[in-house]
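Asker: model this:
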Amino acid sequence: MSQLEINSSNEEDQQDFVTYFADVIIPIPLPGTYTYRVPRAMQDYLVPGCRVIVQFGRKKIYTGIVSAVHTHAPKVYEAKLIIECLDTNPSVNDYQLKLFSWMAEYYMCTVGEVLNAGLPSGLKLNSESFIQLNPDFTSTDDVVFSDQENKILDALETNDRLSYEDVAAVLGIKMIHPVLKDLIQKGRILLYEQVKDKYKPKRKRIIVLDDKYLDAEQELQALFADLEKRPKQLDVLLKYLSQIGMDGNQRSTVSVDKSVLTEAGVSASALKTLCKNEIFHEHEVIVSRLDSSVGRSSHEGALSEGQLAALSEITEGFQANKPVLLHGVTGSGKTEIYIELIKQAIESGGQVLYLLPEIALTTQIVARLHKVFGSELGIYHSKYSDNERVEIWNQVNEGKVNLVAGVRSSVFLPFQELNLIIIDEEHESSFKQYDPAPRYHARDTAIWLANLHQANVLLGTATPSLDSYQNALDGKYHLVELLERFGSGSLPKFKLANILTSRKNKRMQGDFTPELIDEITQALERKEQVILFQNRRGYSPYLICNDCNHVPKCQSCDVSLTYHMHSNHLVCHYCGFKDAVPATCEACGSTAIRTVGVGTEKIEEDLKILLPEAHIQRMDQDTTRSKYAYQNIIDRFENGETDILVGTQMLSKGLDFDNVSLVGVFDYDRIVHFPDFRSHERAFQLITQVSGRAGRKDDKGLVVIQTGEPEGGLLQLILRGDYKGFFQQEILERSSFNYPPFYRMIKIVLKHKEQHVLQQAAMAYVATLMAELGKKRVLGPQTPVIGRIRNLYIEEVFLKVEKKGVSIQKVKELVYRLSIDLKKKKEFNSLRLYFDVDPV
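Answerer: Next up is the predicted model:
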């Protein structure tokens, strides 16, 4: 079904009255499911997991998922009919329905929000609103149309219908609803909905030689003789046969892509004549968008003794039915162990999910996996088109893909025989979804999913999260350690560059200390490569006026605008607002405007001045927006075309380059002093991980850290690579102040366009929470670092709940009920409130 128009009631005739009903999950942020009547024609094949088209409200049309079929009519409303079933076989399986339900309950959101996040948009058919002239309209003297209304009516005289976007273009304004409302009330236009199927199969034209020529050598020879006097037609035949690999009676295929013949220079008219004479046949076929050209090869290289020992211990953990935490230092060869485990899982008939925190990391990993598993591998992330993701979804559902490598959304895929989940870089905060709901953690969700499938789980990292490491010490996880680098690689050395001393002595070159610039120069002279890490994109965090200290800020957010030199704009990284770079200060008119701070763009620019001969590449969100941008940047660096790679934290996530001997770290102090109880944990993980990119082959690498606090205690632990020392120090503080992993946390976010209303609501909510839960469990309300985003003021409340002796489910139910009571009050009915369970 490609299109479906809804104009009238969809009631069945009384003679077709049915008694079956279906509970349907609709992808909207409203609680629960909604019950619809099942038409008699669907009763034989409609089952849980099928996609259905349903009407919600007066006109809106959605794609929903059937969660249950039964004979119980709803008591408080009359059930509407299901309009259409889109599936002959369910698109969502029972495992997924259970997962959706658990996520909605655990993460305190609606099951519709989970569905909206989990189902690829190509599988969702939502309606679009259109207007058309009302053929039954009768003009009267008292009906007068405004100029704007007449513009719309004139446009409808030459167009059968107009979409909302068309109307906005006709009027040249965005706020079109008041005008349309008046036209509807006057009876001049009708509003209707049209449903469109977003998924479009990829099609191509193929050419096939008639069977009688393929099956009989004599017929083929006769055809050659017949075409000798028609050289253009003979050329078509010869090029066709060369494409299908004809060798005597052996051939690899019988069909050839028509575009291949066209590119080979065959005559279009000659091919058309051959098809007309039924010598050739032309067909349109549906083909996969997924690359299946990579063949499977054997995995080269034997595991070391350390890797074999780790593999044996991992197997012991699986046999004990526990998640396994593999703590392996950077460069220890964890990926080789993953590959061996994947082989074993696939050979036993199971499917494997390989979770990665970043799209950037998939590029190198996928290349390695392709060499071993070929077309058995599927890739799933947001850089793939909607249509490609639908095809991966369908192949997983049909059991045609045994291994999926993907980012956090891969947990939603319809695995049938899931045997193993590998969570690489398990400590990464990128596994956490922030906005919109569900605000889930893919690591924790994957562990629950594995338990549902009775599958094995392996968490791998060089810097375990405190939560996971504590779980291992408590016996919930099975701990395996791999604390030496694989082969000839060795852990890097560190050098600290005191940025305060260099500034005081006026020895800085831009934002580079002399130590860092000297080491970069020496590395390039040795024909070695360099990675420079700055966890802030853009050119400069902000501009400032030297005369009045004015800083340009976003109109909609309480944040300074970041200067991007490449596009010559000031940009808000929270709402996307862009503004031109001012020539004069908007506050005092001064021209004395300067940049403050440094981003990846400025580092790249400074390097071009300091080292004009070097080939420099930047890798951040601004340079990796297109589908293959990550791959192209990494390929150039791997091939030696790039000398220096500058980037944000995506550089720290498991990338492996043999020729990198130097890593430079900017802005260490800002990372450490971020106002969050996890800031030290993040700093240890981030610096350790990015340092691990150096010296991964034969020589020991070097890491230069620019800091104003070279004697800092955390930094000394990083320099020694002392994870256990760091853990022991940090876990004592967490225990003393009642933070995870000893307490559960729930963050409650309140937003409102009026600051005073928000503050009143937050204080009232906190008062009720404290009365029910006690003051020690409630922190706030407090304004976050960025207190206004998209013209909404923000307040936050944190709940800390003991893991033992308190039912977290009852706490969630109480917190949710109190939030509903709060929003029922007239003065707070426009309040926005949501929950973030296990915030990171």
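Asker: least trustworthy helix or strand in the protein by mean pLDDT?
Answerer: strand 3-6 (a mean of 46; mean pLDDT, DSSP states H and E).
Asker: past that strand, which element shows up next along the chain?
Answerer: Helices and strands here follow DSSP states H and E; after strand 3-6, the next one along the chain is strand 21-25.
Asker: so Asp821, which of the three states?
Answerer: helix (DSSP: H, G, I helix; E, B strand; the rest coil).
Asker: and it, how far is that from Phe533?
Answerer: To Phe533, Asp821 is 48 Å away according to C-beta to C-beta, to the nearest Å. C-beta: built from backbone N, CA, C; applies to glycine.
Asker: same check, this time on Glu426
Answerer: Here the criterion is C-beta to C-beta. By it, Glu426 lies 21 Å from Phe533.
Asker: next one: Ser259
Answerer: 45 Å.
Asker: tell me which of those two has more neighbours.
Answerer: Neighbour tally, Ser259 and Phe533, criterion other C-beta atoms under 10 Å: the higher count belongs to Phe533, 29 against 11.
Asker: which strand or helix spans the closest residue to the more buried one other than its chain neighbours?
Answerer: Closest residue to Phe533 apart from its sequence neighbours, by C-beta to C-beta, 6 or more residues apart in numbering: Val690 at 4.7 Å. Val690 belongs to helix 679-691 when elements are defined using DSSP H and E.
Asker: mean confidence for that helix?
Answerer: The pLDDT scores in helix 679-691 average 90.
Asker: ok, the helix or strand just after it: who's next to it in the sheet?
Answerer: Going down the chain from helix 679-691, the next helix or strand is strand 702-707, by DSSP H and E. Here strand 702-707 is paired, per DSSP bridges, with strand 493-498 (parallel), strand 660-665 (parallel).
Asker: and Ile286, which of those strands is closest to it?
Answerer: Comparing the strands paired with strand 702-707 by their distance to Ile286 (C-beta to C-beta), the top pick is strand 660-665, with 44.2 Å.
Asker: now the angle between helix 679-691 and the closest one, please.
Answerer: In terms of direction (axes from the mean of the first three to the mean of the last three C-alpha atoms, to 10 degrees), strand 660-665 departs from helix 679-691 by 150 degrees.
Asker: any idea how far the spatially most central residue of the chain is from Ile65?
Answerer: Residue closest to the mean C-alpha point of the chain, counted by C-alpha atoms, centre = their mean, is Ser382 at 4.9 Å. As defined by C-beta to C-beta, Ser382 lies at a distance of 21 Å from Ile65.
Asker: just give me the longest helix of the protein.
Answerer: Of all the segments of type helix in the chain, defined by DSSP state H, the longest one is helix 755-773.
Asker: I'd like the distance from it to the chain centre, please.
Answerer: The offset between the C-alpha centroid of helix 755-773 and the centroid of the whole chain comes to 34 Å, using C-alpha atoms, centre = their mean, to the nearest Å.
Asker: what's the first helix or strand after that helix?
Answerer: The C-terminal neighbour of helix 755-773 among helices and strands, as given by DSSP H and E, is strand 778-782.
Asker: quick one: buried residues of that next one?
Answerer: Within strand 778-782, the residues that qualify as buried by neighbour count (16 or more other C-beta atoms under 10 Å) are 778-781.
Asker: and what of stretch 106-124?
Answerer: Buried residues in stretch 106-124, counting neighbours by 16+ other C-beta under 10 Å, are found at 106-120, 122-124.
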